[in-house]
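Chemist: what would the 3D arrangement of this be:
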Amino acid sequence: MRWKEVPTVLTAASQDLLTSWAVAVDVEGLYGPAGSQFYDSATRGDRSEVREVITLVRRYPGEILDLAAGSGRLTLPLLALPRAVTALDSSPAMLGILSSRVGTRLSSGLTFAEQDMIDFTLPNSFGIVVLGATSVTLLDRSDRARLFGRVRAHLETGGRFLLSTTDTDGDGD
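Modeler: Numbers count the residues shown, from 1 in each chain. Modelled structure (predicted):
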């Protein structure tokens, strides 16, 4: 990513700091090729919420859609279940990492979808849609509404949407 693209990635304070250095700076987005490698390395050992997600998913039937699948932190454990899994992510670099980590035994149950979670369209519906790692917090109110609409359109009757979030204001609500 070149300097002209930096404003879409960095805060104003970060832009000011880099400008004050008066040097050429290449900035890579977190979901580009280098950023995806960094993200995967930083989160590879992160098992938070995996056990809980698997426990919940086992309770409900149907195919599984893993939104914002990234390099597979949830997708890979979900593939151990005897169900079809679709890994959806907007980053081709992230999906490439996931693809390289899936063995041939598990690959037959996995479908990749390179789409944005706020406007995806898939040919099938799902018993379970999963959105982990508090990824919903990356979206503003308008984009969350779009996401929820797309999820609803892709859920089977009686299907479940499982997402994780965090209590950002600390009041427990």
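
Chemist: going by C-alpha atoms from here, please, whenever you check contacts or count neighbours.
Modeler: OK.

Chemist: in the longest helix seen in the chain, what's buried?
Modeler: Longest helix in the chain by number of residues, with DSSP state H as the criterion: helix 141-154. By neighbour count on 16 or more other Cα atoms under 10 Å, the buried set for helix 141-154 is 144, 146-148, 150-152, 154.

Chemist: quick one: strands adjacent to whichever helix or strand comes after it?
Modeler: Once helix 141-154 ends, the next helix or strand along the chain (criterion: DSSP states H and E) is strand 155-163. Applying DSSP bridges, strand 155-163 is found paired with strand 126-131 (parallel).

Chemist: that older thread, quick one, the longest helix of the chain and strand 126-131 angle?
Modeler: Helix 141-154 and strand 126-131 are oriented at 160 degrees to each other (axes from the mean of the first three to the mean of the last three Cα atoms, to 10 degrees).

Chemist: what packs against helix 141-154?
Modeler: Applying 3 or more Cα pairs under 8 Å, 6 or more residues apart in numbering; DSSP states H and E, one finds that helix 141-154 contacts no other helix or strand.

Chemist: can I get it in CSV, CA atoms only?
Modeler: C-alpha atoms of helix 141-154 as CSV (Å, rounded to 0.1, in the frame of the first residue of the first chain):
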residue,chain,number,x,y,z
ARG,A,141,-24.4,0.4,12.7
SER,A,142,-25.4,0.5,9.0
ASP,A,143,-23.1,-2.3,8.0
ARG,A,144,-24.2,-4.4,11.0
ALA,A,145,-27.8,-4.0,9.7
ARG,A,146,-26.7,-5.1,6.2
LEU,A,147,-24.8,-8.1,7.7
PHE,A,148,-27.8,-9.2,9.8
GLY,A,149,-30.0,-9.0,6.7
ARG,A,150,-27.7,-11.2,4.7
VAL,A,151,-27.4,-13.7,7.5
ARG,A,152,-31.2,-13.9,7.8
ALA,A,153,-31.5,-14.4,4.0
HIS,A,154,-29.1,-17.4,4.3
